[in-house]
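Trainee: Only the shape, not the letters, is given here:
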């Protein structure tokens, strides 16, 4: 098998879902990525059938994001109303 064929076969295998996942390497690479961005986060693999209430810090983070969406939506509505009134 030549180099080109070997790489093509690796590509095809990588496209198979769920495929092979080396969890340790994924976690290491994610850690390096976060470190390069100067972000300090805990890396946790969520098990099958996980529940949000089992992960309080994740639940707080999700609520923070949703609050941000609500605030942006409210500001957009106010800005749209102001623009309409200004016309």
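Mentor: Cool, got the structure. Everything numeric here is computed off the predicted structure, so don't read it as measured data.

Trainee: if I pick the residue nearest the centre of the chain, what's in contact with it?
Mentor: In the chain, the centroid-proximal residue (C-alpha atoms, centre = their mean) is residue 30; its distance is 11.0 Å. Residues near residue 30 by C-beta atoms under 8 Å, 6 or more residues apart in numbering: residue 43. Where C-beta positions appear, they are placed from N, C-alpha and C, glycine not excepted.

Trainee: could you measure it against residue 41, distance?
Mentor: Distance, residue 30 to residue 41, by C-beta to C-beta, to the nearest Å: 9 Å.

Trainee: cool, and residue 54?
Mentor: 18 Å.

Trainee: where along the chain do the helices fall?
Mentor: Assigned by DSSP state H, the chain shows helices spanning 3-15, 23-36, 56-86.

Trainee: could I get those helices as TSV with mean pLDDT?
Mentor: What follows is the helices of the chain, written out as TSV (pLDDT from 0 to 100):
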stretch	mean pLDDT
helix 3-15	87
helix 23-36	95
helix 56-86	77
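
Trainee: Save those as a markdown table, and put in distance to residue 49 too.
Mentor: Below are the helices of the chain laid out as a markdown table (distance: least, C-beta to C-beta, whole Å):
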| stretch | distance to residue 49 |
| --- | --- |
| helix 3-15 | 27 |
| helix 23-36 | 18 |
| helix 56-86 | 15 |
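
Trainee: Which among these is found nearest to residue 48?
Mentor: Closest to residue 48 of the helices of the chain, according to C-beta to C-beta: helix 23-36, at 13.6 Å.

Trainee: How far does that closest one sit from its chain's centre?
Mentor: Put simply, helix 23-36 sits 13 Å off its chain's centre (C-alpha atoms, centre = their mean, to the nearest Å).

Trainee: for stretch 39-55, same thing?
Mentor: Centroid displacement of stretch 39-55 relative to its chain, using C-alpha atoms, centre = their mean, is 12 Å.

Trainee: Averaged pLDDT, that stretch. What do you get?
Mentor: Per-residue pLDDT over stretch 39-55 has a mean of 92.

Trainee: Contacts for that stretch next, please.
Mentor: For stretch 39-55, contacts defined as C-beta under 8 Å, 6+ apart pick out 23, 27, 30-31, 34, 57-59, 62.
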